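*Asks:* predicted model and sequence follow; I will ask about them next.
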Amino acid sequence: MAGQPAKKRKMELPPPAHAAVSRLTQHEVALPEGVVLSPGSVHGNRVALASLPSADAARYEAFVASGRCIYSLTAPRPAGASAFAGQQGKEGVFIAERAPGRVTAAPLEALQQRAEVQSLALFQEGAAGGSNGGAGATAVLASVDCYGRAVLAHLQRLGGGDGGSEADGSGLQITAVQQLQPTDLLREPGWAGVAVAPGAPALAAVARAFARDVTLFDSGMPVRTLHTMHCPTAVQLLSASLAASPQGGPLVAVTEGPQLSIWDVRGAGRGARVARLSPGPHHGRLLCLAASDNAGLPLIGAAGEDRGVLVYDPRKWVMLDRWSNVLKYEASSLHFSSANPRLCYVAGMDYEVLCGEWGGNRASRLGGGNRAANATHTGLKTVPDGDDGTSEGGGIGRGISFRGDSRWVGLAKAAGQDVLAGVTQSCQLYVAEFECT
């Protein structure tokens, strides 16, 4: 008699992720007289955010680019907020609390470009005392204009750990400026992106859309140019802990058209391309990418015109998950959570920002992939009163989502912290702090 068939083993899934908003403020930005925010590229990111030097920091430090200039923003941080005490609007969208007064945009004359700035990137190194952004910590602020000319500004935090102030001159101060000139200049301006290598601030990469190339710079000198098949839309240098070439060199991740390509800068010719990742032949363009190596989970994510998030494992170059229907419009910005990489922040080309979970149990998945079943704006399942979200089928309740008053000029995340900052076309600064587990 044949034996009984073995019972199908039930897959053990990790508990649902949890996220909550601790602070969400809106600040009006006062630009110099006669200055308005330039339009820039539709998917460009012209905002950078510095990490908080301490848990009780009193100020946020951000940077925004408009035209040929880069401006420094110092906004007050609400004190003593452990949970968001503001209101939620229609469909559970969080409403930012308007801060009194105006935030003055101080121009950084040393970083002025010769054409419109298209992208900003900020890399921060830990201070000698082990802090992520305390006194003595260094950082590199990179900017690139529409012709591919980049400027690297080396910064150092002075003063105490309150986030800087205009009165005492503390905060991030410029110590050195370096110019990066491409080997050939384009006659037609367009989108350009810049990235700095984590752990190696002397290495930088500049991508140009119309030229279809990515140039790697070492100590200010161009050392290698990679030619892409499609017009690049985002570029990032991967850290050695996330992924490295067999020879130990850095890898460059580039979104071009409907694919994500990985390049080894030490390779020759077409052999420099390590992997070409594409979800399908009819997939729309990828417009943004993100990388994370927190919690021992290396990840590379990409998003774009299909309004979905693609997550890959850089150890095997395979797709881990595909989170569909995240936003209403195309995704223009993507960041992984520092506390829990299963959570990510996605911003659209309109004015929406969503925090959701890309993996795990699809029945309790956080984010837009479950909208139809839950009939809510973000599609997150509603947790009953008294439920902490750890029960079967639980989630974090209504979606962690907020909106600006106009389209985003850029959305940035602080290094190592779940703090987001975005600037809208109407000169409004939004800062949100999340608690993710």
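*Replies:* Nice, thanks for sending it over.

*Asks:* OK, contacts around Gln428?
*Replies:* When contacts are counted by Cβ atoms under 8 Å, 6 or more residues apart in numbering, Gln428 touches Gln26, His27, Glu28, Val29, Gly404, Asp405, Ser406. For the C-beta atoms, the positions are set from N, CA and C on the backbone; glycine is no exception.

*Asks:* tell me how far the last one lies from Phe434.
*Replies:* Here Ser406 is placed at a distance of 23 Å from Phe434 (Cβ to Cβ, to the nearest Å).

*Asks:* could you do the third one as well?
*Replies:* In this view, Glu28 and Phe434 are 23 Å apart by Cβ to Cβ.

*Asks:* more neighbours: these two, which one.
*Replies:* For Glu28 versus Phe434, neighbours defined as other Cβ atoms under 10 Å are more numerous around Phe434 (24 against 15).

*Asks:* what's the neighbour count on Ser38?
*Replies:* Count around Ser38 with other Cβ under 10 Å applied: 15.

*Asks:* again, but for the one 5 residues further on
*Replies:* Counted by other Cβ under 10 Å, the residues lying close to His43 total 21.

*Asks:* hmm, Gly348 and it touching each other?
*Replies:* No. His43 lies out of contact with Gly348 (Cβ atoms under 8 Å); the separation is 10.6 Å.

*Asks:* what do these two both touch?
*Replies:* Glu330, Ser332.

*Asks:* relative to Leu180, how far out is Phe217?
*Replies:* Taken as Cβ to Cβ, the span from Phe217 to Leu180 is 5 Å.

*Asks:* low-confidence ranges in the stretch 201-350 of the chain?
*Replies:* Along the stretch 201-350 of the chain, segments meeting pLDDT under 70 span 241-249, 269, 281-282, 295-296.

*Asks:* please, which helix or strand holds the residue nearest to the spatial centre of the chain?
*Replies:* Nearest residue to the geometric centre of the chain (Cα atoms, centre = their mean): His335, 4.0 Å. Using DSSP states H and E, His335 falls within strand 331-336.

*Asks:* got the CA coordinates for that strand in PDB?
*Replies:* Backbone C-alpha positions of strand 331-336 (Å, rounded to 0.1, in the frame of the first residue of the first chain) are rendered in PDB as follows:
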ATOM      1  CA  ALA A 331       8.000  56.800  -8.900                       C
ATOM      2  CA  SER A 332      10.800  59.400  -8.800                       C
ATOM      3  CA  SER A 333      12.600  58.600  -5.500                       C
ATOM      4  CA  LEU A 334      13.300  55.400  -3.500                       C
ATOM      5  CA  HIS A 335      15.000  54.800  -0.200                       C
ATOM      6  CA  PHE A 336      15.200  51.800   2.100                       C
END
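
*Asks:* what residues of that strand count as buried?
*Replies:* Neighbour-count burial for strand 331-336, counted by 16 or more other Cβ atoms under 10 Å, picks out Ala331, Ser332, Ser333, Leu334, His335, Phe336.

*Asks:* what are the contacting residues of it?
*Replies:* So strand 331-336 is in contact with 42-43, 45, 287-292, 294, 299, 301-304, 307-309, 343-349, 408, 410-411, 413, 420, going by Cβ under 8 Å, 6+ apart.

*Asks:* what do Phe217 and Leu180 both touch?
*Replies:* Shared contacts of Phe217 and Leu180, counting by Cβ under 8 Å, 6+ apart, come down to Ala150, Ala204, Val206.
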